[in-house]
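Novice: got a predicted structure plus its sequence, pasted below:
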Amino acid sequence: MVKKVVSFALALAMAGALMTGCWGKDDSSSSSSSKPSSSAAPSSSSSSGSSMPGGSSAPGGDDSGMMPGEGDSSSMAGGSSSMGPSGDSSSSASASASAKPAAAQVDGDWQTRLVNGSHPLPEDFSVETVSVEHYDDRLFDARAVGHLNDMMKGAADAGLPLYLVSTYRSVKRQTALFNRKVNYYLDQGCDAETARREAAKWVAAPGTSEHNLGLAADLVSAKWYSSHDDLTEEFEQTPEFEWLAAHCAEYGFILRYPKGKTEVTGVSYEPWHYRYVGVEAAKHLTENGLCLEEL
Ligand SMILES: [Zn+2]
């Protein structure tokens with residue numbers, strides 16, 4: 001049943017804008033109710049620029065903070081990021097249902113499909129999504145949502161409940177958010193190229209965020225989230241992070257933007273961003289200290 005057509009047509013125009021992974025919070029999340037509002041900065045567009053908390057201009061982030069709108073990355077502390085990763089993989093969709101080969105790649109290309117600044121999803125990318133358990137407004141790839149549900153259950157059973165900040169965001173939605181940011185810079189007097197470049201520092205260009213793929217989840221501890229209004233590296237100091245780091249691969253997830261891999265991923269360290277790649281690939285990557293670009 002859950003088969004999706006995942007066409008691959010790398011071309012996407014967004015040329016210059018390669019960078020960052022996911023930006024800002026998932027739309028869904030923003031509207032979501034569940035969380036205390038992230039009041040701050042309602043609309044991304046405005047201000048963002050440098051005014052953001054973390055200030056730095058570090059692009060890259062994949063996701064965002066909990067602030068509705070803004071690019072997230074910024075919030076991130078760390079790193080400076082750069083951009084332009086590499087590597088790739090492809091696309092197709094067929095997942096071999098039952099067979100469970102051991103090799104990472106045999107898991108099915110859809111699971112390990114690389115999405116980043118230089119490997120954007122096509123504008124017409126679509127994927128079948130369903131709601132994550134207990135989060136009606138957070139969607140995830142229907143083929144992998146069970147793994148996410150199980151992981152969150154596993155953490156809760158261990159006494160470390162997680163809070164799902166953000167999941168799927170359509171390319172269309174990403175485009176709208178990106179364009180809004182571009183327009184903001186155009187209004188500031190920037191020329192088109194500069195406006196796109198600046199916008200890309202805060203909002204991932206359409207199709208370049210893993211959240212557009214439907215296989216990425218931003219997770220923090222419920223407890224930590226109640227006292228922080230942005231996603232920051234400090235999350236790594238929590239027992240929930242330790243649990244995720246130790247167990248996510250068992251559920252087919254990887255810490256997508258690890259410390260020390262910024263040059264390869266093009267995205268700063270994000271202890272909250274987890275990507276489903278399938279159990280085999282997750283274990284392979286984790287055990288060998290590799291990131292998805294190195295698969
Ligand atoms: Zn993310």
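Specialist: Nice, I can see it. Residues are numbered from 1 along each chain as shown.

Novice: now for the nearest residue to Ala144 once chain neighbours are set aside: which residues touch it?
Specialist: In space, Ala144 comes closest to Tyr276 once its chain neighbours are excluded; the distance is 4.4 Å by Cβ to Cβ, 6 or more residues apart in numbering. C-beta: built from backbone N, CA, C; applies to glycine. By Cβ atoms under 8 Å, 6 or more residues apart in numbering, the contact set of Tyr276 is 111, 141, 144, 147-148, 215-217, 252-253, 282.

Novice: now with 6 Å, please.
Specialist: 144, 147, 215, 252-253 (Cβ atoms under 6 Å, 6 or more residues apart in numbering).

Novice: and for Met151?
Specialist: By Cβ under 6 Å, 6+ apart, Met151 lies in contact with Tyr251.

Novice: most neighbours among the contacts of Tyr276, please name it.
Specialist: Neighbour counts for the contacts of Tyr276 (other Cβ atoms under 10 Å) peak at Leu215, which has 30 neighbours.

Novice: how close does that one get to the ion?
Specialist: Distance, Leu215 to the ion, by Cβ to the ion, to the nearest Å: 11 Å.

Novice: what distance do you get for the closest residue to that residue other than its chain neighbours to Trp224?
Specialist: Ranked by Cβ to Cβ, 6+ apart and with sequence neighbours excluded, the top spatial neighbour of Leu215 is Tyr276, at 4.4 Å. Here the criterion is Cβ to Cβ, to the nearest Å. By it, Tyr276 lies 22 Å from Trp224.

Novice: next: Glu234.
Specialist: With Cβ to Cβ as the criterion, Glu234 and Trp224 are 8 Å apart.

Novice: who's more crowded, the two?
Specialist: Remark: of Glu234 and Trp224, Trp224 carries more neighbours, 20 against 14, as counted by other Cβ under 10 Å.

Novice: what does the residue nearest to Ala144 show for phi and psi?
Specialist: Reported as degrees, to the nearest 10, the phi and psi values for Tyr276 are phi -80, psi 130.

Novice: what score does it have for pLDDT?
Specialist: Listed pLDDT for Tyr276 reads 98.

Novice: beta partners of it?
Specialist: Beta bridges link Tyr276 to Phe253, judged by DSSP bridges.

Novice: returning to what we had before: kindly reformat the contacts of Tyr276 as JSON lines containing pLDDT.
Specialist: Formatted as JSON lines, the contacts of Tyr276 follow (pLDDT from 0 to 100):
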{"residue": "Ala144", "pLDDT": "98"}
{"residue": "His147", "pLDDT": "98"}
{"residue": "Leu215", "pLDDT": "98"}
{"residue": "Gly252", "pLDDT": "98"}
{"residue": "Phe253", "pLDDT": "98"}
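
Novice: could you export these as JSON lines, including distance to Trp272?
Specialist: Below are those laid out as JSON lines (distance: Cβ to Cβ, whole Å):
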{"residue": "Ala144", "distance to Trp272": "18"}
{"residue": "His147", "distance to Trp272": "17"}
{"residue": "Leu215", "distance to Trp272": "15"}
{"residue": "Gly252", "distance to Trp272": "17"}
{"residue": "Phe253", "distance to Trp272": "12"}
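
Novice: tell me which of those is nearest to Thr175?
Specialist: Distance to Thr175 across the contacts of Tyr276 (Cβ to Cβ) is lowest for Leu215, with 19.2 Å.

Novice: low pLDDT regions in the protein?
Specialist: For the chain, the stretches with pLDDT under 70 are 1-108.

Novice: which parts of it are helices?
Specialist: Assigned by DSSP state H, the chain shows helices spanning 27-31, 48-51, 109-112, 145-157, 171-187, 192-202, 222-225, 239-247, 262-265, 279-287.

Novice: to the ion, which of these lies closest?
Specialist: The ion sits nearest to helix 27-31 of all the helices of the chain, at 10.5 Å, using Cβ to the ion.

Novice: which residues does Trp272 contact?
Specialist: By Cβ under 6 Å, 6+ apart, Trp272 lies in contact with 218-220, 231, 235.
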